[in-house]
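# Take a look and give me a structure for this.
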Amino acid sequence: MYKKILMFLFLMIMYGTIQGQDGNLSYCDNLIKNGVSLLNKGKYTQSLELLIEAKSLATENKWDKQQFLAFNNIGANYYSLFDYGEALNNYLKAYSIAIHELSSKYEMIVLNNIAILYSKEKKYGKSYEYFNKAYKIAIENKEVKKKGLYAVNLGLVANRTGELDKALAYFQEAIPLLNENPRILQQALVGQAETLSLLGLYKEAKNNLLQILPELRMHGNEDLVTDVLLLLSNIAYNQNNMFLAVERADAMLKYSNQIESRLDAYMQLSKIYTKTGKLELALIAKDSVLSVSNRWNEIKNGRLFETNQIKFEVQNYQSQLKANQEEMKTSKKKFQTLLVASVLIILLIALALRTTYIQGKQRKIIHSRNEEVMALELEKEKNEKLLLEKKLNEEEVRSLLEEERLKNEIDFRNRKLSVKALHLIQRNELLQSIITDLEQQVQNGQQPGNLKDYITKLKNIVQSEEEWKDFIDHFEEVNHNFISAIKKEHPNLNVNDLRFISYVFMKLTNKEIATVFNITYEACRKRRERISKKMNLNDSSTLYDYISGFYN
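Alright, predicted model coming up:
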């Protein structure tokens, strides 16, 4: 009877354990599936929360496949957020699991991701190494589709490294294998055309690109369409057909609003206009390049800020998850304690003769459980202390980052002010040069009529203070503490003195400052000496170092 009861209880416990594991595995798979879905939608915070929970669950239960998928997709999240270091860290963890616990099928998946990451960083040697490893594994496993994909990637990297014969061979190998994957096939055809163009086979490359362009437009493959248009523009440029080269680059701008595509288009236009001598248009294109580059940097900086914010949120989520897991463990232990107690009670009823023995055993178990609870409480207090220290450190780091951001913003505005000042100086110098030429013509009696009136108007433009007033207003807005500090320390300085000091602070030369004030270089030098004496400086050459001390 005793053995039958014990066997019954054992079977009930095992059944409950197996059912619980199956349910947890299904739950873990759903977490990964939903995390990938959120990643594709660009909801990185929510995606990381689900994937980190899945990773924790898979690690606890030693589910190798789920661990691999969690790490691989966590890496994909950080890749999308431009945090390539964190992405590589997670990819390498997935790679370690793949080579030690899983089949080569999983190894080549993460190798491809690592190679893409290195390619994005323009580390083409490393990129080629990992693409080649994935390619060889695909061959060993007779994975035809994967072999075609990795051959395309190897061809694209070979184009970047200038190994054009090797690139052409990879594309020729890949194209017949990709009939069931139109998207990758189109990429292979574009890559092959790029190789032909780099080899100087412009006619063949152009014909191939024009043949696939309508299909790309029809399927809305925006990135490939812009790649094709850029290649066609380069081919026209190399064939000295500048009109067509400009037309293709303009088509890129009309077709796509993607930052990288527009940057490529403006750089192409700048190159074309420079070669054709249309310097004004080239300058406009270069300005557009700068504008788009700034926008691209803003997007990257925004993504990096978002990454740090997400990391902070993920850390909080991990802390909460850990607390929940500890709570679940405690509940599980309580359940186990109750279960053991129930078993003991049943055994006591069934085996009255062994009551004394079982009671002694029960006291030992209770004592052991109390020690475990005390140990858990001590561990919990220790963890809470560590978490508090971690939060304080994070707050300090955030404060330093904010201070650095504000400093960078002020530096950026001052650079813009310097550029504006130099622009105004160059304009005035040009106008002054024109005035001088015109005055010489008048003196030589070469031009009759209203030429003197025009000279007077030009002088008025040169001497106009409106733009300089606006410039000073902007300078004081950006560096208001700087001006206030100097006024407080040296109240004997007048408005023109402060204006002169502002230009010195912006590192304008005496010649440039003389142009601003419309005075001679010698007069500018004397004014600098006079202001230095007002500020109790023996040497005017130390003026910049002195006033820099007021900027904080």
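
# Geometric centre of this protein: which residue is closest?
Phe82 (3.1 Å; C-alpha atoms, centre = their mean).

# Next, work out how far apart it and Lys534 are.
Per C-beta to C-beta, to the nearest Å, Phe82 is found 51 Å from Lys534. All C-beta atoms are positioned from the backbone trio N, CA, C, and that covers glycine.

# What of Arg363?
Taking C-beta to C-beta, one finds Arg363 at 92 Å from Lys534.

# so the residue lying closest to Ile212 once chain neighbours are set aside is in which element?
Spatial nearest neighbour of Ile212, excluding adjacent residues (C-beta to C-beta, 6 or more residues apart in numbering): Leu189 at 5.3 Å. Counting by DSSP states H and E, the element that carries Leu189 is helix 182-198.

# Please apply the same query to Pro214.
Applying DSSP H and E, one finds Pro214 within helix 202-219.

# Mean confidence (pLDDT) on that helix, please.
What helix 202-219 shows for mean pLDDT is 87.

# tell me what it is packed against?
Other elements packing on helix 202-219 under the criterion 3 or more C-beta pairs under 8 Å, 6 or more residues apart in numbering; DSSP states H and E are helix 182-198, helix 222-238.

# in it, what counts as buried?
Using 16 or more other C-beta atoms under 10 Å as the test for burial, helix 202-219 gives 202, 205-206, 208-209, 212-213, 216.

# go on, stretch 232-250?
Using 16+ other C-beta under 10 Å as the burial criterion, the residues of stretch 232-250 that qualify are 232-237, 242, 245-246, 248-249.

# and which of those is nearest to Gly75?
Asn234 (33.9 Å; C-beta to C-beta).

# list the contacts for that closest one?
Asn234 sits next to 197, 245, 268 when contact means C-beta atoms under 8 Å, 6 or more residues apart in numbering.

# Secondary structure element for the second one, which one?
Secondary structure assignment for Ala245, by DSSP H and E: helix 242-255.

# From the chain's centre, how far out is stretch 78-91? Work that out for me.
10 Å (C-alpha atoms, centre = their mean, to the nearest Å).

# per-residue confidence averaged over it?
Taken as a whole, stretch 78-91 has a mean pLDDT of 85.

# For the residue nearest to Ile212, report the pLDDT, please.
89.

# Over to Leu339?
Predicted confidence (pLDDT) for Leu339: 67.

# One more: Leu406?
Looking at Leu406, the pLDDT reads 60.

# The closest residue to Ala282 other than its chain neighbours - how many residues pack around it?
Counting by C-beta to C-beta, 6+ apart, Ala282 lies nearest to Tyr273, which is 3.7 Å off, once chain neighbours are set aside. Around Tyr273 there are 21 other residues, counting by other C-beta atoms under 10 Å.

# Would you mind confirming that Tyr273 is in contact with Leu281?
Yes. Counting by C-beta atoms under 8 Å, Tyr273 touches Leu281, with 4.3 Å between them.

# so where's the stretch 301-450 of the chain uncertain?
Scanning the stretch 301-450 of the chain for pLDDT under 70 picks out the ranges 301-336, 339-343, 347, 403, 406-432, 442, 445-450.

# thinking again about what came up before, give me every residue that touches the residue nearest to Ala282.
Tyr273 neighbours (C-beta under 8 Å, 6+ apart): 246, 279, 281-282, 285.

# Take these and keep only those in helices.
In helices, judged by DSSP state H, the following of the contacts of Tyr273 are found: 246, 279, 281-282, 285.

# what's the most distant pair in the residues you listed?
Top of the distance list for the ones in helices among the contacts of Tyr273 (C-beta to C-beta): Val246 and Leu279, 14.8 Å.

# Quick one, grab the pLDDT at Asp22.
For Asp22, the predicted pLDDT is 54.

# Please identify which of the buried residues of stretch 232-250 is nearest to Ser119.
Asn234 (20.5 Å).

# Distance-wise, check the closest one relative to Ile114.
For Asn234, the distance to Ile114 - C-beta to C-beta - is 30 Å.

# Let me see the ranges of the helices in the stretch 1-150 of the chain.
All helices of the stretch 1-150 of the chain, identified by DSSP state H, counting those that start in this stretch, fall at 2-40, 44-61, 64-80, 84-101, 104-120, 124-140, 144-161.

# returning to that earlier point: now the contacts of Asn234 as a markdown table including distance to Arg160 and pLDDT?
As requested, these are exported to a markdown table (distance: C-beta to C-beta, whole Å; pLDDT from 0 to 100):
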| residue | distance to Arg160 | pLDDT |
| --- | --- | --- |
| Ser197 | 14 | 88 |
| Ala245 | 22 | 84 |
| Gln268 | 18 | 77 |
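
# Let me have those residues in CSV, extended by distance to Leu543.
What follows is the contacts of Asn234, written out as CSV (distance: C-beta to C-beta, whole Å):
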residue, distance to Leu543
Ser197, 57
Ala245, 51
Gln268, 46
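
# May I see the buried residues of stretch 358-367?
Ile358.

# Quick check: Ala138 touching Lys146?
Yes. Using C-beta under 8 Å, Ala138 is in contact with Lys146, at 4.0 Å.
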